[in-house]
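Participant: fold the following for me, if possible:
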Amino acid sequence: MDEMAHGALDSSDLEEDRCSDEELPPSKLGTKEYWDDAYEKELETFKDIGDVGEIWFGEESMTRVIGWMNNSKVPKNASILDIGTGNGVFLVALADNGFINLTGIDYSESSVELARNILLSEGKTDVLVKTVDFLSCQDELESFDLCIDKGTFDAICLNPDNAKERIRLYVKSLKRVLKNEGFYVITSCNWTREQLLEHFKEGFELLQELPTPTFKFGGRTGSSVTALVFRRMFFTLSFVEDGLTSTARLLASHPSLGV
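Facilitator: Predicted coordinates for the structure are as follows:
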């Protein structure tokens with residue numbers, strides 16, 4: 001967890017130098033076995049001494065996202081999905097801030113058990129947490145108003161087994177579970193703003209880049225974390241009169257798209 005929280009790559013790398021290739025170097029951080037083992041240990045530790053374990057990107061990452069949600073007046077009853085919930089601490093923070101329709105998923109059963117234990121210890125009994133592989137969720141998840149990812153996309157991109165295909169499946173699943181004009185907030189330590197825009201260019205529009213800590217190295221300023229807010233574009237199908245062909249027509253309420 002600590003490796004992931006501080007970035008799979010050396011934090012001294014400048015933003016413009018991070019992940020210049022289309023794919024990341026393979027890493028154990030991209031495997032289910034690694035996270036199963038990590039969460040099994042964290043579960044044992046929590047049961048022994050009540051320590052919740054690491055918080056990906058630190059508490060400020062949760063504060064940053066929740067601050068945007070409050071400033072944007074996201075309804076407290078909005079349906080929210082935490083993709084790769086880990087220890088569930090972010091769900092606790094969301095519940096503490098009044099959000100009541102929360103779901104957390106993770107492909108690690110140990111993660112889900114840990115999250116349930118932590119939520120129960122905090123009295124958050126109305127939060128749904130379940131074991132789901134987001135890449136093959138199919139009908140296991142309903143439509144959500146807001147999907148949040150803190151590091152899960154990073155981990156998927158590090159998988160040694162065909163990461164490019166896993167990225168494609170991730171985007172496909174995201175399109176399916178996120179409502180039209182719903183929001184997607186991603187925090188990444190491995191991809192720059194431009195690279196994330198490339199990954200999510202089909203079906204999503206960038207609304208905002210959230211401020212993250214910067215550092216100076218070699219006379220230049222960079223950032224080891226990128227946080228972006230996207231909106232799912234609204235698509236409908238329009239058919240020609242003869243019924244033989246159809247074209248996809250983009251309907252987006254955002255003024256910049258000329259609608």
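Participant: go through stretch 117-136 and flag the buried ones.
Facilitator: If you call a residue buried by 16 or more other C-beta atoms under 10 Å, then stretch 117-136 has these buried ones: 117-119, 122, 124, 127, 129, 132, 134-135. Every residue, glycine included, has its C-beta placed from N, CA and C.
Participant: no no, stretch 97-115
Facilitator: Judged by neighbour count using 16+ other C-beta under 10 Å, the buried positions of stretch 97-115 are 99, 101-108, 110-115.
Participant: same thing with stretch 176-196?
Facilitator: Under the neighbour-count criterion of 16+ other C-beta under 10 Å, stretch 176-196 has 177-179, 182-192, 195-196 buried.
Participant: which parts of the chain are strands?
Facilitator: 80-83, 102-106, 128-131, 144-150, 178-188, 204-210, 214-217, 220-223, 226-232, 234-239, 246-251 (DSSP state E).
Participant: quick one: which of those strands is nearest Lys164?
Facilitator: The minimum distance between Lys164 and the strands of the chain falls on strand 178-188, with 16.6 Å, by C-beta to C-beta.
Participant: and the angle for the closest one with strand 226-232?
Facilitator: For strand 178-188 against strand 226-232, the angle between stretch directions is 170 degrees (axes from the mean of the first three to the mean of the last three C-alpha atoms, to 10 degrees).
Participant: strands paired with strand 178-188, and their directions?
Facilitator: Paired strands of strand 178-188, with direction, are strand 144-150 (parallel), strand 226-232 (antiparallel) (DSSP bridges).
Participant: what's across from the residue nearest the centre of the chain in the sheet?
Facilitator: Centrality entry for the chain: nearest residue to the mean C-alpha point is Asp149, 1.2 Å, by C-alpha atoms, centre = their mean. Each beta-bridge partner of Asp149 is listed here, defined by DSSP bridges: Ile83, Ile186.
Participant: per-residue confidence for it?
Facilitator: Here the pLDDT value assigned to Asp149 is 98.
Participant: go ahead and confirm it touches Gly84.
Facilitator: Yes - shown here, Asp149 and Gly84 form a contact pair, counting by C-beta atoms under 8 Å, at 6.5 Å.
Participant: what mean pLDDT does stretch 59-78 get?
Facilitator: The average of the pLDDT scores along stretch 59-78 is 96.
Participant: what sits up against it?
Facilitator: Taking contacts as C-beta atoms under 8 Å, 6 or more residues apart in numbering, the residues outside stretch 59-78 that touch it are 55, 89-90, 93-94, 97-101, 145-146, 148, 150, 183, 185, 187, 208, 210-213, 225, 227, 229.
Participant: same thing with stretch 95-108?
Facilitator: With contact meaning C-beta under 8 Å, 6+ apart, stretch 95-108 is reached by 32, 35-36, 39, 66, 69-70, 74, 76-86, 88, 90-91, 94, 112, 115, 119, 122, 124, 126-134, 137, 141, 144.
Participant: so where's the stretch 101-250 of the chain uncertain?
Facilitator: Across the stretch 101-250 of the chain, residues meeting the criterion (pLDDT under 70) sit at 215-223, 235-250.
Participant: grab the nearest non-local neighbour of Glu113.
Facilitator: Excluding the flanking residues, the one nearest Glu113 by C-beta to C-beta, 6 or more residues apart in numbering is Leu43, at 5.9 Å.
Participant: in this structure, which spans are helices?
Facilitator: Assignment of helices within the chain using DSSP state H yields the ranges 2-5, 32-49, 59-71, 89-96, 109-121, 152-157, 163-177, 193-199.
Participant: tell me which of those helices approaches Pro26 most closely.
Facilitator: The stretch from those with the least distance to Pro26 (C-beta to C-beta) is helix 163-177; that distance is 7.2 Å.
Participant: re earlier: redo the strands paired with strand 178-188 as CSV? Include distance to Glu165.
Facilitator: Supplementary listing: the strands paired with strand 178-188 in CSV, determined by distance: least, C-beta to C-beta, whole Å:
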stretch, distance to Glu165
strand 144-150, 18
strand 226-232, 22
